[in-house]
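> fold the following, please.
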Amino acid sequence: MALLDMWKDNRDGIREKSVHQILAFAGEGKLTDNSRCSREFRDLLKVAPLEMLRRYANEALNGDADGPGLALQDIVNELGTRLGHEVAFGSYRGRRGESGHDGLWTDLSVQHTIVVEVKSTSAYQIRLEPIVNRMNHYRGLRRSCRARINPSQAARRS
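Numbers count the residues shown, from 1 in each chain. The predicted structure follows:
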C-alpha cells in the first residue's frame with residue numbers, strides 16, 4: 001500500500017511513526033534517485049502538516065534516521081514549495097560531471113533561482129568560489145545571447 005493511501009486511511013497512525021519507519025514503508029524502503037520510495041515519500045510530504053515536517057527534520061538532524069541527509073533533502077525542498085517556489089528536486093547522490101545540487105528553487109515573480117545544498121553534518125564545507133564562477137559564466141552567456149538578439153538593447157543593459 002502506498003504511503004499516501006496509508007495516510008488517507010490512518011492519519012494518526014502515520015503521524016506517530018518516525019521518518020525511519022515511514023521510509024521503511026515507502027516503496028523499496030530506501031531513498032534512491034527515481035525510486036518508488038522517493039516518489040511516495042515526497043507525495044506524503046506534500047500533504048503532511050508542518051509539525052510533522054519539523055519532527056522529521058529534527059529526527060534526520062539528530063541522526064535518528066537512516067540516510068538522514070537524503071530525507072532531510074526532501075523535507076527542505078518541500079518547505080521550498082510551501083514558501084511558494086517552483087522546486088526541482090536534485091539527486092540524492094552526486095555524479096561526476098553533473099551539477100550535484102540538492103534542489104533548485106525558482107521564484108518566478110522575480111526571476112531568481114536558489115541553489116539548495118542540504119547537509120546534516122558540519123563535517124563538509126561548501127566552496128563558494130566554483131559556484132560564483134559558474135554563475136558569472138552564465139551571466140556572460142546571457143549577455144552575449146541578448147547581444148545577438150538585439151545588439152542595441154543589450155549594449156544599454158551592460
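
> quick one: least confident helix or strand in this structure?
helix 151-157 (a mean of 55; mean pLDDT, DSSP states H and E).

> domain-wise, how is the protein divided?
3-126, 127-158 (automatic domain parsing).

> any idea which of those is most buried?
domain 3-126 (a mean of 16; mean count of other CB atoms under 10 Å). In short, each C-beta sits where N, CA and C put it, glycine included.

> end to end, how far does that one reach?
34 Å (CA to CA, to the nearest Å).

> tell me the mean pLDDT for it?
Throughout domain 3-126, pLDDT has a mean value of 88.

> could you check how far it is from the centre of its chain?
6 Å (CA atoms, centre = their mean, to the nearest Å).

> stretch 133-140 now?
That offset, for stretch 133-140, works out to 22 Å (CA atoms, centre = their mean).

> now that stretch - C-alpha only, PDB.
Taking Å, rounded to 0.1, in the frame of the first residue of the first chain, the C-alpha atoms of stretch 133-140 are listed here in PDB:
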ATOM      1  CA  ASN A 133      32.500  31.300 -11.200                       C
ATOM      2  CA  ARG A 134      29.700  29.200 -12.800                       C
ATOM      3  CA  MET A 135      27.100  32.000 -12.000                       C
ATOM      4  CA  ASN A 136      29.400  34.600 -13.700                       C
ATOM      5  CA  HIS A 137      29.800  32.300 -16.700                       C
ATOM      6  CA  TYR A 138      26.000  32.000 -17.100                       C
ATOM      7  CA  ARG A 139      25.600  35.800 -16.700                       C
ATOM      8  CA  GLY A 140      28.200  36.200 -19.500                       C
END
